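>>> Pasting a predicted model and its sequence here:
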Amino acid sequence: MKQSSLTRQLIGGVLLAELICAALFSFVAVGHEMHGRRRAFDVMLRGRADSLLGAVQDAEDPEDNVVVDPTELVLPKPDVYAVLNPAGRVLGQSQVAPPGLIRGSGGSNKPTYYSFKANGTWYGAIRLDGVRVIDRDDKGGLRRPVTVFYASPTSDLWHEAVEAVRFYVAAGALLLAITGIALVWFLRRRLSPLQELAAIAGRVSVHSWEFVPPGSVLRTAELAPIALSIEELLKGLRQSFERQRQLTGDAAHELKTSIAVLKSSLQLLAMNPRTTEQYANGLESLLMDTERMEDLANRMLTLARLEEAPMEQGETSELQSAVRIVAERLLPLAELKQVRLDVSGEGSGKVAMQADDAEVLCSNLIMNALQHSPPQGCVTITVDSRDAVTELRIMDSGEGIPEAALPHVFDRFYRVDRSRSRNSGGAGLGLSICKAIVDRSNGTVRIQSTVGIGTQVIVTLPQSKTA
Amino acid sequence: MRVLVVEDEVRLANNIAAALRERCGFAVDCAENGVDGAALAEYQHYDLLLLDLMLPGLDGLSIVRQVRRRRDMIPILILTARDERAQVVELLNAGADDYLTKPFDLGELLARAKALIRRGKGVSQPVLILGRISLNTVEQTVRCAGHLIDLSPTEYRLFEYLIFRPRAIVSARELLEHLYDYNWQHHSNVIEAHVSNLRKKLRAVGEETSIATIRGRGYRLEAPEKQL
């Protein structure tokens, strides 16, 4: 992909605008100069035509004709002229009189200006109608009307006008060059924060999240929001990246520890000759270790499935029935632990959740409550469906969760009391799975707990509309 | 020798403890969390610290720092399920002596444990020699001029502890602390009984090296001057 440079574009744009301005300025200057010179030229033509008129004299002949006496006139060589009487007779003319010089007829008192081309030269011409009075006496003398045609080449006019504005054109070109250089320098300097930003952003990688925009960037109104949003974005990315890494690390830790238990158990068993009974005991604990590992793997896979695979549309289940099924299944355990299971609820409603997931959710939560309940304790489960919301509450009379641990209970592999839950087989994934299930159904799950009194888990789920 | 295992995975801790007891004849105590582990380590009864890195309460790194701040020279072997370079470097720099990543080989763990204890006592070879007597820490045997001396496990452990520091006075209390774990009822006269048995067995093979009783202070392993 061809890249366009902002600096180059800006410099090019400004220089082009300047160039157009300079050209326009030159054009107007030349036009203005031409106009002035044209007027001066016309005045000059008029003056020369007048002096030519003054050179019309009595011919001293019987018909009292007039002739042009050019002896007293000093006219520039390239100029041409002709003087005619109304009858069209030439009273006098320059040595060369081009054909285009004589034009139009008399009658107008005002001088008329025109131009013509002859022998490859442009001429500016005037036609002046005048009256020459000869033999002036008391009665006024004889009036002899004449028409003067006078023309002068205009080729010099352009040349002179351009000469006159040449200074301005040169000054403009110089200005253009100076501003061009100044612009390059200035833009390079002013756009340096942009380059710094690019350089710093370019240094960011998975291994180096360092992104500290320099002061020059933050002081630039246009760049500060970009830099700040990059910073914000990187912070978020880094956090999520690190969370992911932490999770992978935690998962690896759990798996490796499980394998370490299996491996060391086997090696210990093989280390010395044992009695049959010792072997039997060793195998039994190995089987338990393997089952724990199987459970861990299953939970990790469940969590991965819940977070990766999208929710299947139209899957609904009834939370009430899931609670009943799970409570029935856990009743023997509750009796064993001498804990009372109280299930109540009103209304019924379907939630957008797969039946299996609903059972896993209820099972994990009720199991947690049971495990943390003291003998003679009570686990109260209520499911209420009203106002398009289904609410599941599970209350236990256990030891409660310390306040510092509450924000982390949904974190994967988090255990409030690690050694204790290890003994009971927990990997710290139960509540993470619950949260993933509830999240998939657009619900919320929260935990309230008071140390010494008990814990309450509240799951709120929107009721499925497709039901 | 007495080892402290700080590991929250109880099954793993029990396996390590059993292997250390069976194969090395060490006394082993286990702690399930970092706080208990750090508290036990403070007694300085141990000849080796086996630490899990991720522990509830107090993590392995903090325990290492705490131990080294006390200027405790005890060898520390770290068990970790994470083998991230930076973390390993940080651990070693904090004062840990060695590390093993889980899942590890139990045999390797025992070998490293023995090597660390050896090094901790300023010895590099696995066979310790005093005069005509040689003690093989790998085979857990004691020989006098090539002849095997038949010792009970406790006698071997006692002799092993003493031979690491020949000619130094070791108190009965220290021997108790370093040879028995917390599950054992402390009776100081048991040491005297074992020492006396040991003396008999040494004398039986005609060995002049003897364990002298220094009244009110303890015991000293002494080799005859000419054998030195």
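Everything's here; your move.

>>> all contacts plus neighbour counts: C-alpha atoms, from now on.
Noted.

>>> Mind splitting the chain into its structural domains?
With no chain named, the answer covers chain A. Structurally, chain A divides into domains by automatic domain parsing as follows: A:6-161, A:312-462.

>>> wait, chain B
Using automatic domain parsing, the domain parsing of chain B gives B:2-120, B:127-227.

>>> looking at the ones you listed, which one has the lowest mean pLDDT?
Ranked by mean pLDDT, the domains of chain B bottom out at domain B:127-227, with a mean of 84.

>>> Show me where the chain has its helices.
In the absence of a named chain, chain A is used. Ranges of helices in chain A, per DSSP state H, are A:6-54, A:155-190, A:192-202, A:215-218, A:223-271, A:276-308, A:319-336, A:355-371, A:418-423, A:430-440.

>>> look at chain B instead
Assigned helices in chain B, in chain order: B:10-19, B:34-41, B:60-69, B:85-94, B:106-120, B:153-163, B:172-179, B:188-204 (criterion: DSSP H).

>>> right, and these - which one's nearest residue A:352?
Closest to residue A:352 of the helices of chain B, according to Cα to Cα: helix B:10-19, at 41.1 Å.

>>> I'd like to know if that closest one reaches chain A anywhere along the stretch.
Yes. Using Cα under 8 Å from any Cα of the partner chain, helix B:10-19 reaches chain A at B:10, B:11, B:12, B:15, B:16, B:18, B:19.

>>> Name the surrounding residues that touch that helix.
Contacts to helix B:10-19, defined as Cα atoms under 8 Å, 6 or more residues apart in numbering or on different chains, come from residues A:260-261, A:264-265, A:268, A:271, A:419, A:423, B:5-7, B:28-30, B:32, B:106, B:110.

>>> CA atoms only: put that helix into PDB for me.
What follows is helix B:10-19, C-alpha atoms only, in PDB (Å, rounded to 0.1, in the frame of the first residue of the first chain):
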ATOM      1  CA  VAL B  10      -1.300 -32.700  51.700                       C
ATOM      2  CA  ARG B  11      -1.100 -35.800  49.700                       C
ATOM      3  CA  LEU B  12       2.100 -34.600  48.000                       C
ATOM      4  CA  ALA B  13       3.600 -33.500  51.300                       C
ATOM      5  CA  ASN B  14       2.900 -36.900  52.800                       C
ATOM      6  CA  ASN B  15       4.500 -38.700  49.900                       C
ATOM      7  CA  ILE B  16       7.600 -36.500  50.100                       C
ATOM      8  CA  ALA B  17       7.800 -37.000  53.900                       C
ATOM      9  CA  ALA B  18       7.400 -40.800  53.600                       C
ATOM     10  CA  ALA B  19      10.100 -41.000  50.900                       C
END
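
>>> Next, the angle helix A:223-271 makes with that helix.
With axes from the mean of the first three to the mean of the last three Cα atoms, to 10 degrees applied, the angle from helix B:10-19 to helix A:223-271 works out at 40 degrees.

>>> Counting neighbours, which bits of helix B:10-19 end up buried?
For helix B:10-19, burial by neighbour count (16 or more other Cα atoms under 10 Å in any protein chain shown) applies to B:10, B:11, B:12, B:13, B:14, B:15, B:16, B:17, B:18, B:19.

>>> Check stretch A:294-307 too.
Under 16+ other Cα under 10 Å, the buried positions of stretch A:294-307 are A:296, A:297, A:299, A:300, A:302, A:303, A:306.

>>> Out of these, which is nearest to residue A:380?
residue A:299 (25.7 Å).

>>> coming back round to it: what's the closest of the buried residues of stretch A:294-307 to chain B?
Taking Cα to the nearest Cα as the measure, chain B lies nearest residue A:296 of those, at 14.3 Å.

>>> In contact with the closest residue to chain A within chain B, which residues?
Nearest residue of chain B to chain A: residue B:103, at 4.0 Å (Cα to the nearest Cα). Neighbouring residues of residue B:103 by Cα under 8 Å, 6+ apart: A:256, A:257, A:259, A:260, A:261, A:263, B:81.

>>> ok, residue A:15 touching residue A:180?
Yes. Contact criterion Cα atoms under 8 Å: residue A:15 and residue A:180 qualify, at 6.3 Å.

>>> Not counting its neighbours along the chain, what's nearest residue A:49?
In space, and not counting its chain neighbours, residue A:49 is closest to residue A:150: 5.9 Å by Cα to Cα, 6 or more residues apart in numbering or on different chains.

>>> Appreciated, that's everything.
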